[in-house]
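K.L.:
need coordinates for the below:
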Amino acid sequence: MTQTTSERNKQIREINYLARDFDSYKKELIEYTKKYFPDDFQDFNEASGGMALIEMIAYLGDNLSFLIDRSVNECFIDRAIEPKNIFSLAKNLGYKPKFTIPASVDLTLSATFNNSTSSQSVFSILKGSRITTNTVPSQDFELLENVDFSSNINRSSSVPESGFTTYAVSGVKAAAGITKTFKYSVDNPREFLTLELPDTNITEVVSVSSSDGFEWYEVNNLAENTIFYGDENTDNTTNDDVPYVLRLKRVPRRFIVEKKSGNRTCVVFGSGDSSLEDSEIIPNPDDFVLPPSLRGSPSGFTPALVDSSNFLNTKTLGVAPKNTVLTVNYRVGGGIDSNVGRNTLTNLSNRIISFKNPTILNTNNKLAQTVLQTISVNNLEQATGGKEPESITSIKQNALSFFNAQNRAVTIQDYQVRVLSMPSSFGSVYRSFARKDPNNISGVEIIIAAIDSNGFITEANGVLKNNVEKYIKKFKSFSDNVRISDPRIVNIGVNFGVVPAANITPNQALLDSLLLMKDLLRTNTTNFNDNLVIADFVSRIQSLSTVRSVIDFAFTNINSSTDSNYSDFVFNIKANTRNGILSFPPDVIWQVKFPDKDIVGKIA
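P.N.:
The predicted model follows:
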């Protein structure tokens, strides 16, 4: 007896759940229709109306499958594609992606004083003063600290002529960029007020203040209620060596800085109300000790467990601003172009001066202007640390490594990754390598390399090294001794010959080969403890459609004995090549400095 359509619909359908794309869905829908609706639909011609419906359903299934797969992939940082999701996932892992990074440099500032009037005309150049380069286009730098010509710290003197003394203060830290100001009026308090700053290449939030006279402090997260700060050291016997005394300060008014996709920077404030009593904002220690009586703690409750981490948190996650005007000062600029060369920062374009005698501009303005005209500035070292925004791939890898390190440097790899995670305001390390210190059995040696404005690998300057050393001390094990070292930079070149393919001109074959080699030997492909497999380079060239074969492929070392623009380090290519693999020692990093002349090809 023939089954009716309604009876067939009552059958348990056999459904294939393996279909994932348009063609698979279409095929399964046709098979399903033939099996369960053989009498109702038999026209499977591509031009029929029924096939149009089947294809639209297949289209819908393919689209939904794609969206589901995409949604699942966006939940994992190693498979995510959308930048906003990658930034969010990196934040969940505790990693802050880096945007444009400013270069840092040590400056030397000098001024000449008349010995007979120096006590009246002594002055300081305050932080925030701007220095520009003598190059075109110019780069702006700002002083990060005050320059006090009356202090003996890092100060030297010379006598240019009788009766005059020139004082020079060296080691003055400066960073690339200029400071801008953003103001925002707040009426009623809002929980977790978020301000998006208008510029896109912000490297640092310098300060936040409010019109009611309060200063706001940056913390890593809003649960932190204390910061370290420095009080001026007034002890004349020690203040030359230690200008500031480290203190711990409670900061109910605090904020965090968040980086978002699109090179955007946001400032986020707390959620609390400053009208609450201080013991409600800051935990009461009496609540976290054993109760003095059976009635419980002074505040009316007794915690079940004494947890020291409770002292690091507040109930309000910081005070929310209200009925005030917030002023945010932030620094803009930097990047790889800010890695300017030696003797280029010579123009003090915007100086902020403070005289020890505040009335001198009124009582003896001529003397003040005469002294100010003698100010000079220069950088005796290359500015280093400037870097372009971090790539999406780098964010993924660094976030995973950062999470594995658990905010501590325990293994050698932790030290290596931690150095690369240093906040951009302190400079940028281009490549790092960590190993057991060969001179100290309980020590760690970290070798760091920087990159200059021309994209050349160079040694890090003193400021960047000091910043790395101070930064890593916060995360290192108590017993580890950390030493920061310079790399040995090897400049390499390539000599090779090619045979053109049939019907290909020699110039075309040679040009394609040279362009490929320049791409394979870019600076961003180098690293410490690296290997270059000669056969890989030969096979890549030979895979070009314009090349028939490769002959005479060899790496060469180019050093300062040939050209003063190259590194002094002499590297024996032949002695370090074995079984067709050129190996570099752990503390060595290679670089093709001038590809146009260091990569030499010929037609065989």
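K.L.:
helix/strand/coil for the nearest residue to Thr108 once chain neighbours are set aside?
P.N.:
Closest residue to Thr108 apart from its sequence neighbours, by C-beta to C-beta, 6 or more residues apart in numbering: Ser170 at 4.5 Å. Every residue, glycine included, has its C-beta placed from N, CA and C. Counting by DSSP: H, G, I helix; E, B strand; the rest coil, the backbone at Ser170 sits in strand.
K.L.:
so what pLDDT did Ser170 get?
P.N.:
On the pLDDT scale, Ser170 is placed at 91.
K.L.:
so what's the residue count around it?
P.N.:
Using other C-beta atoms under 10 Å, Ser170 has 15 other residues around it.
K.L.:
that one against Asp106, yeah?
P.N.:
Yes - at 7.0 Å, Ser170 counts as touching Asp106 under the criterion of C-beta atoms under 8 Å.
K.L.:
would you mind listing the residues touching both of these two?
P.N.:
Leu380 (C-beta atoms under 8 Å, 6 or more residues apart in numbering).
K.L.:
residue closest to the middle of this structure?
P.N.:
Nearest to the geometric centre of the chain sits Lys98, at 3.4 Å (C-alpha atoms, centre = their mean).
K.L.:
assumed it was part of a strand.
P.N.:
No - looking at Lys98 with three-state DSSP, it is coil, so not inside a strand.
K.L.:
quick check: Ser118 vs Phe192, distance?
P.N.:
53 Å (C-beta to C-beta, to the nearest Å).
K.L.:
from the chain's centre, how far out does the helix ranked longest in the chain sit?
P.N.:
Counting residues, the longest helix found in the chain (DSSP state H) is helix 49-73. Chain-centre distance of helix 49-73: 41 Å, with C-alpha atoms, centre = their mean, to the nearest Å.
K.L.:
that one packs against which elements?
P.N.:
With contacts defined as 3 or more C-beta pairs under 8 Å, 6 or more residues apart in numbering; DSSP states H and E, helix 49-73 has these neighbours: helix 22-36.
K.L.:
which positions within the helix it packs on qualify as buried?
P.N.:
22, 24-26, 28-30, 33 (16 or more other C-beta atoms under 10 Å).
K.L.:
nearest to Leu372 among these?
P.N.:
Phe22 (75.7 Å; C-beta to C-beta).
K.L.:
what pairs with the helix or strand where Val550 lies, parallel or antiparallel?
P.N.:
Using DSSP states H and E, Val550 sits in strand 547-557. Take DSSP bridges as the rule and strand 547-557 pairs in its sheet with strand 488-500 (antiparallel).
K.L.:
what residues sit buried inside the partner strand?
P.N.:
Under the neighbour-count criterion of 16+ other C-beta under 10 Å, strand 488-500 has 488-494, 496-498, 500 buried.
K.L.:
beyond the lowest-mean-pLDDT helix or strand in the chain, next helix or strand please.
P.N.:
Here the helix or strand of the chain ranked lowest by mean pLDDT, DSSP states H and E is helix 278-281, holding a mean of 42. Using DSSP H and E, the helix or strand that follows helix 278-281 towards the C-terminus is strand 324-332.
K.L.:
Ser157 touches Phe164, doesn't it?
P.N.:
No - the pair Ser157 and Phe164 fails to qualify as a contact (C-beta under 8 Å) at a distance of 10.6 Å.
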